Every structure is written in structure tokens, then in C-alpha cells.
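S.K.: I'd like to go over a predicted model; first the sequence, then the structure.
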Amino acid sequence: MSNDFKFAVNSISFDENYQPSDNTRITTNFANLARGKSRQENLRNTLKMIDNRFNALAHWDNPNGDRYSVELEIISVDMNIDSEGNDSAFPTIEILKTNIVDQKTKKRIEGIVGNNFSSYMRDYDFSVLLLNHNKGQLKFSIPDNFGDLHGKIFKCFVNSDVYKQNFIKPPVICLSVSDNKTYHQTENQHPVLGVEYLPNETSLTEQYFKKMGLKVRYFMPPHSVAPLAFYFFGDLLNDYSNLELISTISTMETFQRIYRPEIYNANAAAGKRYKPNLKNPDHSLTRIVYDREERSKLAVKQGKLAEENFIKPYQSILEQWSASYAS
């Protein structure tokens, strides 16, 4: 058996005509927006919000606030498990890539890949494996080797020739802060990322992403109301240009304002000591229709799909590979 699995990368534009493919996790935020009778209006408004936020952050040499627009690509990563060459591709990872269009110079600037992060296998780990492990238990605990396989597959993909052929820089993933933690403002401030916050403790999500090789820092960008979690390899502040970072902030903050408005569309900004609250009544809703309850139910369904189509059929191959994989 080959030491590494084979990956295939496919791309589709995320625009107002976007329709989720059959392989897309429908809990993914961009897919959820593209369903129902309001789908086209949802998409149009979301993209407009992203462009407006980008121009507000990239305000230099931009007197009318309309110099830039952001184009998004949904990147789907399939993994072929069968070393015999049979077709056994499984949709492993789905991420977003930003591209920046400068209307003044007519140039197209490559942005950041990552941003949103979707994975059937993460659904399995959190919504099937973790739930089953704790069923009937008095005290919450984490299964042995939790996240190991997923982390190794992700690192294998990022280190693969396929990744390097398609993307020039390592990924940055941008997520919401946790409502289980308290964040403390520091003196550190970046012109684009904003004020840095430090959490009072680590979280299961942080530990899970650490197994994927990713570090995390928390920043609240200018004119934002809550910090964002940035997961990255290397040096977040120096490896990426201001425009690249702005493309991630504008995209992911927009998604968070839509589906976590209690935190990211709150009417008061985070202070020096910040505890996110998903029951915060003092927030505004966007005009974009989003079904959060449906999303949480579907995570379990998709976790079971990963179990039936990926974990169980290839268990011995996956265990062998994981045991021999060297980062």
C-alpha cells in the first residue's frame, strides 16, 4: 500500500448562480444559503456584504469605497483510498478560496485558501464518535486518538504535490469564537487583523485543529464587534499580505454575521474581557435567510454517512495508513 493517498481538487465558483453539488456537505454555510426560495437573493446580498466589508478595511487609495471585489471559489478535495486504482474517491475536505479583483488596475490578485472548513469526517468525529463515546456516561471524556486520522489526512493533503500545484501558500481557516470560553484583550494590535485576544483555556476545537498541524490566534478586526479565530501554519502576521488577510476577514465575518448574529452582529462590541453569548438578545439580524436548527440536525446525518461510506468500509486500510504515516 502506498504511504500517501491520492487527492483530486475540484473548483466551482460561489456566485449568485451557485447550486450545491451532490457531494457538498449541506451543513456548510455557503451551501445552506443557496437553498430555498430566497437562494439567489441570499447569495447576492452575501456577496455584496463581503465586498462592502473588504472595501471598508482596504480603505487606502480607495476614496469611494468601491475599488475591490472578492471572487470566491469552493474547493472540493476528493481522496482516493484504494491503492489498486479502483474508483473509491470520498469527498474529504471542502474549503473556500478568495480572489481579489482590483477595479482600478484591472488586476486579479490571488487571495487565501481555507477560510471556511468543511469535512464529513469532522462531522463523524464530533457528531457520531464523540456522542456515542459519551452516551450514558456521567462525566464527559474524549475517545483515545480523537482526531488523529483526520489530522493526518489534512496534513497529507497540505503537503501533497496536488496542493502545491493548485495553491501558492498554506491555508488559513477562520472560525467563530467559542461561547464556552472567556477572551481577554491584549495590547497587541495589527493594522488589518485588529486587536489580539487570548482565551482563558484551550478547547476541543483547538486541540482538534492542532492535530491538523494548525496554530490559532484570535483577533478582532477594526469596526468588528467580536474576535475571530484564525487557524494557520507558519506566521499569520508576516506570511500573508494585508489584502490577502482582508479577503479572509471580509468573507468569514460576513458568514458569521449571518449565522451567528448574536455574536458577530451584536449591537455592542467586545470589551477587554469578552464572553461570547449565543443567547444575546441585543443583536441585529441580516436580511439573509439561514436555518441554524436544520444545520445542527444535518451534522449527525452527515457524520453517519461518513461512517457508512468511509470509516467502516476502509477501517483496516485507514488504521494501517495512520499508524505508518509520518508528518
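M.R.: It's in.

S.K.: can we go C-alpha only for contacts and neighbour counts from here?
M.R.: Fine.

S.K.: Show me where the stretch 151-300 of the chain has its strands.
M.R.: Counting by DSSP state E, counting those that start in this stretch, the stretch 151-300 of the chain has these strands, from start to end: 172-176, 183-190, 194-199, 215-220, 228-232, 273-274.

S.K.: need the helices for the protein, in chain order.
M.R.: In the chain, the segments counted as helices under DSSP state H are 29-33, 39-57, 120-124, 130-134, 148-158, 161-166, 204-211, 236-239, 242-259, 261-264, 292-306, 315-324.

S.K.: Give me the neighbour count for residue 215.
M.R.: 18 (other C-alpha atoms under 10 Å).

S.K.: Provide the partner residues of it in its beta bridges.
M.R.: For residue 215, the beta-bridge partners are residue 232 (DSSP bridges).

S.K.: Would you mind confirming that it makes contact with residue 232?
M.R.: Yes - Residue 215 is within contact range of residue 232, at 5.4 Å (criterion: C-alpha atoms under 8 Å).

S.K.: got CSV for the strands of the stretch 151-300 of the chain, with distance to residue 144 and mean pLDDT too?
M.R.: Output for the strands of the stretch 151-300 of the chain, formatted as CSV (distance: least, C-alpha to C-alpha, whole Å; pLDDT from 0 to 100):
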stretch, distance to residue 144, mean pLDDT
strand 172-176, 25, 97
strand 183-190, 29, 98
strand 194-199, 25, 98
strand 215-220, 22, 98
strand 228-232, 23, 98
strand 273-274, 32, 98
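
S.K.: ok, now how distant is residue 271 from residue 195?
M.R.: Distance, residue 271 to residue 195, by C-alpha to C-alpha, to the nearest Å: 11 Å.

S.K.: And for residue 70?
M.R.: According to C-alpha to C-alpha, residue 70 stands 24 Å off from residue 195.

S.K.: and residue 6, what does it touch?
M.R.: Applying C-alpha atoms under 8 Å, 6 or more residues apart in numbering, we find residue 6 in contact with 79, 80, 81.

S.K.: If you rank the residues you listed by neighbours, which is first?
M.R.: Counting by other C-alpha under 10 Å, top hit in these: residue 81 with 22 neighbours.

S.K.: shared neighbours, residue 271 and residue 195?
M.R.: For the pair residue 271 and residue 195, residues contacting each of them under the criterion C-alpha under 8 Å, 6+ apart are residue 185.

S.K.: the more surrounded of those two?
M.R.: A count of neighbours by other C-alpha under 10 Å puts residue 195 above the other of residue 271 and residue 195, at 18 against 12.

S.K.: Now that that one has come up, it's in contact with residue 221, right?
M.R.: Yes - with the criterion set as C-alpha under 8 Å, residue 195 and residue 221 qualify as a contacting pair; they are 6.5 Å apart.

S.K.: ok, for residue 182, nearest residue in space, not its chain neighbours?
M.R.: Closest residue in space to residue 182, ignoring its immediate chain neighbours: residue 275 at 4.6 Å, by C-alpha to C-alpha, 6 or more residues apart in numbering.

S.K.: Quick one: neighbours of that neighbour, just the number.
M.R.: Per other C-alpha under 10 Å, the neighbour tally for residue 275 reads 18.

S.K.: dump the residue contacts of it.
M.R.: Taking C-alpha under 8 Å, 6+ apart as the contact definition, residue 275 lies against 179, 180, 181, 182, 183.

S.K.: Which of these has the largest number of neighbours?
M.R.: For the contacts of residue 275, neighbours were counted using other C-alpha under 10 Å, and residue 183 has the most, 24 neighbours in all.

S.K.: Quick check: the gap between residue 59 and residue 243.
M.R.: Per C-alpha to C-alpha, residue 59 is found 11 Å from residue 243.

S.K.: Residue 74 now?
M.R.: 19 Å.

S.K.: again with residue 175
M.R.: For residue 175, the distance to residue 243 (C-alpha to C-alpha) stands at 19 Å.

S.K.: cool, and residue 209?
M.R.: Distance of residue 209 to residue 243, computed by C-alpha to C-alpha: 25 Å.

S.K.: In this structure residue 17 contacts residue 40, no?
M.R.: Yes - the criterion here is C-alpha under 8 Å, and residue 17 meets it with residue 40 at 6.8 Å.

S.K.: For these two, indicate the residue with more neighbours.
M.R.: For residue 17 versus residue 40, neighbours defined as other C-alpha under 10 Å are more numerous around residue 40 (18 against 11).

S.K.: Kindly state the pLDDT recorded for that one?
M.R.: Per-residue confidence (pLDDT) for residue 40: 81.

S.K.: gap between it and residue 99?
M.R.: Counting by C-alpha to C-alpha - residue 40 and residue 99 are separated by 21 Å.

S.K.: Residue 129 too?
M.R.: Between residue 129 and residue 99 the distance is 36 Å, computed by C-alpha to C-alpha.

S.K.: do residue 320 as well
M.R.: The span separating residue 320 from residue 99 equals 39 Å under the rule C-alpha to C-alpha.

S.K.: Good, we can wrap up now.
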